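Student: Just to be clear, the model below is a prediction. Sequence and coordinates:
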Amino acid sequence: MNTEHSIRETVEEARQGVTGHNVRYVLLISCTLVVMLMIVAFLFVGV
């Protein structure tokens, strides 16, 4: 007796969420700001 069932889900259902909400832009901008602040701090402290 075969008890296997075929699973049919969309990609979004399988990953349990959606991508988007500008997450990549928030990450890019925040990383850029951190690098800029580290450069400014290095220039003022001057190791």
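Tutor: Nice, I can see it.
Student: Report the distance from the longest helix seen in the chain to the chain centre.
Tutor: For the chain, the helix with the greatest residue count under DSSP state H is helix 23-45. How far helix 23-45 lies from its chain's middle: 17 Å, per CA atoms, centre = their mean, to the nearest Å.
Student: next one: stretch 10-29
Tutor: Counting by CA atoms, centre = their mean, stretch 10-29 comes out at 7 Å from the chain centroid.
Student: switch to numbering from 557
Tutor: OK, 557 is where the count begins now, so the last one is stretch 566-585.
Student: Which residues outside it are in contact with it?
Tutor: By CB atoms under 8 Å, 6 or more residues apart in numbering, no residue outside stretch 566-585 reaches it. Backbone N, C-alpha and C define where each C-beta goes, glycine included.
Student: That one: end-to-end distance?
Tutor: Using CA to CA, to the nearest Å, the end-to-end distance of stretch 566-585 comes to 31 Å.
Student: For Tyr581, see how far away Met594 is.
Tutor: From Met594 across to Tyr581, the span is 20 Å (CB to CB, to the nearest Å).
Student: ignore the last one, Thr588
Tutor: Distance from Thr588 to Tyr581, by CB to CB: 10 Å.
Student: what is the mean pLDDT for stretch 569-588?
Tutor: Mean pLDDT, stretch 569-588: 83.
Student: end to end, how far does that stretch reach?
Tutor: 33 Å.
Student: what's the answer for stretch 566-586, then?
Tutor: 32 Å.
Student: can you tell me the helix or strand for Ile563?
Tutor: Here Ile563 sits in a region with no helix or strand, counting by DSSP states H and E.
Student: Can you report how many residues neighbour it?
Tutor: For Ile563, the count of nearby residues is 7 (other CB atoms under 10 Å).
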